[in-house]
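Student: Give me coordinates for this.
(one chain, ligands or ions: 1)
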Amino acid sequence: MLFKHSFFYRYVAPYTGRLLFNVLLRVLSALFTLVLTIAIAPLLSLLFDTGSTQSAMTGSGLAQSGLEILENWIRLSVTENGKYETLFYVVSALFLAYFLKNLCAYMGLYLFIPIRNRMVAKLRNDMFHKFMILPLSYYAKQHKGDLISRISNNTQDVDTQMLNQIQQVMVDVATFIFLVAALFFISPQLTICVIILLPLIGFLTSFISRSLKRKSKKLQDTIGRISSQVTESLEGIKTIRSYNTTGYALRKFDAENALFFKINTRVLHRVYSGHPLNEVLGTTAVAFILVIGGYFIIAKQSLRPEAFIAYLVTMIQILPISKNIITAYFTYQSGKGSWMRIKEVLRADEVILEKKDALEIHGIQHGVRLENVCFTYGKKPTLKNINLELPKGQFIALVGPSGGGKSTIINLIPRFFDPVSGKVLFDDRNIADCKIDNIRALSSLVSQDTVLFNDTIYNNILLGNPTANRDEIIQAAKMADAHDFIMATPNGYDTLIGDSGTKLSGGQRQRLSIARALVKKAPILLFDEATSALDTEAESRIMQAVQQAGKERGQTIVSVAHRLSSIRHADEIIVIEEGEIVGRGTHENLYENNMLYRKLCQMQNLDNRTSSSNPLPQNTSR
Ligand code: ADP
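Tutor: Below is the predicted model of the structure:
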């Protein structure tokens, strides 16, 4: 199971075939590099005419015979075609090998680009998909900017620091293996001595890389927080300016930025320590080779000078490659910090899960019922044993002091949260047993924060019910008291409303949200302070129109309202205080018998009558 979440399993494994082909190209490229390296010794013996016929090498049979075969060819060609012509052939062969080496390397890169981009696209898609299904409780704990940073910066890092490194390392590792093989080919004794150095390199590398991974995760978390602060500050720029709190925002930002500076400096110190580390190791290796090689040439006479030069040339090629591999490994480790942040999102608990054999539900016959519902966001109970009937066709209002749990009740109905204990029933079906999409289709929620998209007014309303026709849209807009202001805009229903509806007033935005909810014609309408930005008159007018339409269509309307004038004509008013129902009844009834309700009414200068003293014409659309 764990393996299934691994980066390689999900994002790299599907491209195994293409990757293997890519590896083949890289291996070919490395093979040509090898040819170039090995051909140096015979070329030198040809140029300097060292008369290597004596074949003084006492290395392995393979090394001797390999070099000898090449030398024999050259010797044969020299006797048949002369030295100049042979030199021309050897140089042409080297040129061809060089050309093919680069062609294969480029083709490998070329083929890897779409694979890499597809992997990143898939990663982003997976994250966005997860964002769309994560429960609202997840967003209560996360900062928007941080999540944006995860889907933008961190996926980009995975691309440049992990995928890019994988492809680079593929070339380097193949070349490295071939070049080490070439070293064996030229002088096995010397190579065995060099290999003794390898465990030392491995030890130093793993020590640095482990701390790098940890630090990189910290660094990415800091970038996430910086991004959240920028988002928050830009969204709240008006408030920041009006309260003259620019200093506060700057100080907070400065602190985070300073932390970023500190961690990033440490990370880069570690990353760049790969270069000098490698130089030192490389120089040590070369010094070591010079001493040992010298010993084999001078004292033992078991190594020919041109073979030694070829050996050194090969070694010099290996050094930058091994440096690249180590640097790539470090970069890969620091990319893993970003991957860990992405994984946190991908593995986040969905909490609200649909059962495997979830029931279909497409309508409500009798109503909604909350049965012994308890709920908490943390430790303190938010709702304590709530029992509530919301019969079909009725208008129920939830009132009470702020923080009592009214919005929480509203959020339990479309199953944005699950109760800790107790049930929410549609007719007699527990919504936890039903399909989530079905449950959401049965209700429309309008909350205080209106969400509009940068599109036309028409399309924003249509979002509530994509099958609605123009007449239905206009009817909903009229009911939400929005038709008149829409007609006064330059293009009527086809007017673009700007980013998040910035071209509209708060009240106009709320009216559009209400129209959108009405056009859905869902059996349950949930209003959570949906009319708070409207004036009292408009609010009463809309609520009465909605109530009347609700009665005609058999819709259950649940409304949370601070302004009690808008709900005084509700069929039932539920008074909620500190997570408990402390009163229920009609306006008159509660006014007489419930102290808290009466106090709330008196604070708003509301008397005990169900209708306002100055009744307004019903169902009009000014
Ligand atoms: P009301 O709508 O009556 O004002 P709410 O249902 O919004 O009350 O909130 C009830 C309690 O739950 C409050 O104490 C509030 O602080 C807390 N609360 C609301 N939403 C969250 C949340 N997402 N995370 C933690 N606590 C929350």
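
Student: Grab the nearest non-local neighbour of Thr160.
Tutor: Distances taken as CB to CB, 6 or more residues apart in numbering put Gly335 closest to Thr160, at 7.5 Å, once the chain neighbours are dropped. Heads up, the C-betas are built off the backbone N, CA and C, glycines and all.

Student: Just to check, the one you found is in contact with Gln165?
Tutor: Yes - under the criterion of CB atoms under 8 Å, Gly335 is in contact with Gln165, at a separation of 7.0 Å.

Student: neighbour-wise, which of these two wins?
Tutor: A direct count of neighbours by other CB atoms under 10 Å for Gly335 and Gln165 places Gly335 higher, at 25 against 22.

Student: The more buried one falls within a helix, correct?
Tutor: Yes - under DSSP: H, G, I helix; E, B strand; the rest coil, Gly335 falls within a helix.

Student: what sits against it?
Tutor: Applying CB atoms under 8 Å, 6 or more residues apart in numbering, we find Gly335 in contact with Asp157, Val158, Thr160, Gln161, Met162, Gln165, Ser216.

Student: same thing but 7 Å
Tutor: Asp157, Val158, Gln161, Met162 (CB atoms under 7 Å, 6 or more residues apart in numbering).

Student: and if you look at Lys423?
Tutor: By CB under 7 Å, 6+ apart, the contact list for Lys423 reads Glu371, Asn430.

Student: three-state assignment of it?
Tutor: strand.

Student: Now the stretch 1-150 of the chain against the ligand: closest residue?
Tutor: In the stretch 1-150 of the chain, no residue comes nearer to the ligand than Ala140, which is 3.4 Å away by CB to the nearest ligand atom.

Student: and that residue, how many neighbours?
Tutor: Neighbours of Ala140 using other CB under 10 Å come to 9.

Student: Now do the most centrally placed residue in the chain, the pLDDT please.
Tutor: The centroid of the chain falls nearest to Ile151 when counting by CA atoms, centre = their mean (3.1 Å). Looking at Ile151, its pLDDT reads 92.

Student: Quick check: closest non-adjacent residue to it.
Tutor: Met127 (4.9 Å).

Student: What strand or helix carries that neighbour?
Tutor: In this assignment (DSSP states H and E), Met127 forms part of helix 83-133.

Student: gap between that helix and the chain center?
Tutor: In this view, helix 83-133 has its centroid 28 Å away from the chain centroid, taken as CA atoms, centre = their mean, to the nearest Å.

Student: quick one: the helices in the stretch 451-600 of the chain?
Tutor: Here the stretch 451-600 of the chain has its helices, by DSSP state H, counting those that start in this stretch, at 457-462, 470-479, 483-488, 506-520, 536-553, 587-593, 595-603.

Student: before we move on, back to that, how about the contacts of Gly335, which pair is most distant?
Tutor: Spatial extent of the contacts of Gly335 (CB to CB) is set by the pair Asp157 and Met162 at 7.7 Å.

Student: can you pull the contacts of the residue nearest to the centre of the chain?
Tutor: Here Ile151 is in contact with Arg124, Met127, Phe128 (CB under 7 Å, 6+ apart).

Student: quick check, distance from stretch 405-422 to the centre of its chain.
Tutor: Between the centre of stretch 405-422 and the centre of its host chain there is 28 Å, according to CA atoms, centre = their mean.

Student: Pull out the buried positions in it.
Tutor: In terms of neighbour count (16 or more other CB atoms under 10 Å), stretch 405-422 has its buried residues at 405-415, 417-419, 422.

Student: Output it as CSV, restricted to C-alpha atoms.
Tutor: As requested, the backbone C-alpha atoms of stretch 405-422 are provided in CSV (Å, rounded to 0.1, in the frame of the first residue of the first chain):
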residue,chain,number,x,y,z
GLY,A,405,-23.7,26.5,16.3
LYS,A,406,-26.3,27.6,13.7
SER,A,407,-24.0,27.5,10.7
THR,A,408,-22.7,24.2,11.9
ILE,A,409,-26.2,22.7,11.7
ILE,A,410,-26.6,24.2,8.2
ASN,A,411,-23.3,22.6,7.1
LEU,A,412,-24.3,19.2,8.4
ILE,A,413,-27.3,19.0,6.0
PRO,A,414,-25.3,18.8,2.7
ARG,A,415,-22.8,16.6,4.6
PHE,A,416,-19.9,19.1,4.6
PHE,A,417,-19.2,17.6,8.0
ASP,A,418,-20.3,14.3,9.6
PRO,A,419,-21.8,14.4,13.1
VAL,A,420,-19.6,12.9,15.8
SER,A,421,-22.7,11.0,16.9
GLY,A,422,-26.3,11.0,15.9
